[in-house]
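**Q** output the structure for:
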Amino acid sequence: MSLTSLLVPTFTQMLGAMSGWLNKAQAQMPGQEAEALLSARLAPDMFPLSTQIRFACVQVHEASCRLRGMAFSDTVQELLDEGRNGGEVPGSMDDAQGRIAATLALLNSLAPDALDLDYGAPIAHTLPNGMIFDLSAEQYARDWALAQFYFHIMSAYAILRSQGVDLGKADYIPHMLPFLRA
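**A** This is a model prediction of the structure:
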């Protein structure tokens, strides 16, 4: 399995699901109540929903740059800044959906082998605090990009559930429903 064939469908399916969760929240709650969800947190020391959405998108943008051997796009810094300020400036549901849509557009624009850097190619992943992980492309994709992406996706799902949005397993994996045996 190539890195592109692993990451692109995974990112695409789960971002699509998250977009659906936001649509469902808006359908279930009056306007301002739905918008207030963007400030909701699971715990006081965790980032709010608005940040979880943006950081899920960051993981996609970062992976698409790193695995193509490219410098980060300006979008990465914009998403990080928005995410870090999400508690004070959560934005709107339309803003969140726009970020998801733009990230899906990036994924849809990638060539079928775009992320297929040599599995063993070295990637130095530097964190904002200065820590550096020395990884292969395969380790980065498997152990960092996917793990971080799912952390933020699951946090978003859990925040919405904790705030009373009626979501269930079918909302989490709608991409699997076509495979369900009748």
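**Q** which sections of this structure are below the confidence cut-off?
**A** Residues of the chain meeting the criterion pLDDT under 70: none.
**Q** can you show me the helices along it?
**A** Taking DSSP state H to define them, one finds helices in the chain at 3-28, 31-36, 49-66, 74-84, 93-109, 137-139, 146-162, 169-172.
**Q** ignoring the adjacent residues along the chain, who's closest to residue 19?
**A** In space, and not counting its chain neighbours, residue 19 is closest to residue 100: 4.9 Å by C-beta to C-beta, 6 or more residues apart in numbering. All C-beta spots, glycine's among them, are computed from the backbone N, C-alpha and C.
**Q** isn't the one you found right next to residue 57, touching?
**A** Yes. Between residue 100 and residue 57 there is a contact at 6.6 Å, judged by C-beta atoms under 8 Å.
**Q** neighbour count winner among the two?
**A** residue 57 (28 against 20; other C-beta atoms under 10 Å).
**Q** check contacts around the closest residue to that one other than its chain neighbours.
**A** Leaving aside its chain neighbours, residue 57 sits nearest to residue 103 (4.3 Å; criterion: C-beta to C-beta, 6+ apart). The contact partners of residue 103, by C-beta atoms under 8 Å, 6 or more residues apart in numbering, come to 11, 15, 57, 60-61.
**Q** most neighbours, which of these?
**A** residue 57 (28 neighbours).
**Q** I'd say that one and residue 14 touch.
**A** No. Counting by C-beta under 8 Å, residue 57 does not reach residue 14; the two are 11.1 Å apart.
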